[in-house]
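# Below are the sequence and a predicted model; questions follow.
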Amino acid sequence: MMPTDVWFYLFWIACALFGATGVALFLVLHPAVDKEDTGNVQREYTAPSYARTAGFAIQTHPDSEILHPRRFWLVNDGTAEIEYVITPNHFARLRAAPSGTLDLPDDFLNDEYESIEEYDIDGILVTQSQSPGRNGMLRWTRDGFDFVLLADQPEMNLLGGVATDFVQQSSAGWT
């Protein structure tokens with residue numbers, strides 16, 4: 001084997017390693033796409049602060065024995081989302097965005113709810129919309145930010161049972 005042949009093979013091995021590294025970096029750094037809600041781009045964060053992209057953060061949110069925040073997302077570069085596990089086996093999403101810009105999933109926006117109730121929690125008007133066996137949501141506005149708690153097919157009175165915790169303990173602000 002000639003010395004030039006060794007360099008030729010080393011060159012192709014280096015090219016293959018470079019290409020494999022590039023593909024691995026793309027897969028790791030590429031933002032997650034929510035396959036359930038086509039067209040939305042969700043980026044996962046380690047904390048609910050979206051200062052560089054959206055300019056705001058969720059400053060406080062419920063975190064207790066019953067309400068467990070699981071993952072933090074930024075949806076379409078403007079709506080913050082925290083996924084929650086509600087003990088024992090329920091799931092909900094808290095979303096927040098500057099007033100008038102809150103991005104709601106189509107399956108919640110277009111639902112015709114059988115029950116729409118408005119009530120006051122500490123001076124904040126809360127709208128609870130739900131239908132038995134279907135999606136339910138709580139909506140409220142606080143300090144220039146709109147909030148919504150979304151639950152897929154929640155059990156009876158689940159939203160009402162956690163409403164006070166979410167409304168009292170959720171706040172957002174500019175960073």
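Happy to help now that I have it.

# from here on, contacts and neighbour counts on C-alpha atoms
OK.

# And the one helix or strand residue 6 maps to, how far out from the chain middle?
With elements taken from DSSP states H and E, the one containing residue 6 is helix 3-29. Between the centre of helix 3-29 and the centre of its chain there are 37 Å (CA atoms, centre = their mean, to the nearest Å).

# next helix or strand past that helix?
strand 42-45.

# and that following strand, which strands flank it?
strand 67-75 (antiparallel) (DSSP bridges).

# Can you list the strands that whichever helix or strand comes after the partner strand pairs with?
Proceeding N to C from strand 67-75, the next assigned helix or strand is strand 79-86, under DSSP H and E. Note on strand 79-86: by DSSP bridges, its sheet partners are strand 67-75 (antiparallel), strand 90-98 (antiparallel).

# Could you single out the most deeply buried of these?
Stretch with highest mean neighbour count among these: strand 90-98 (a mean of 22; mean count of other CA atoms under 10 Å).

# so what's the residue nearest to the spatial centre of the chain up against?
For the chain, the residue nearest the mean C-alpha position is residue 81 (2.7 Å; CA atoms, centre = their mean). Taking CA atoms under 8 Å, 6 or more residues apart in numbering as the contact definition, residue 81 lies against 48, 72-75, 93-96.

# With distance to residue 158 and pLDDT added, can I get these in CSV?
What follows is those, written out as CSV (distance: CA to CA, whole Å; pLDDT from 0 to 100):
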residue, distance to residue 158, pLDDT
48, 24, 95
72, 22, 96
73, 23, 96
74, 25, 96
75, 25, 95
93, 13, 97
94, 14, 98
95, 17, 97
96, 20, 98
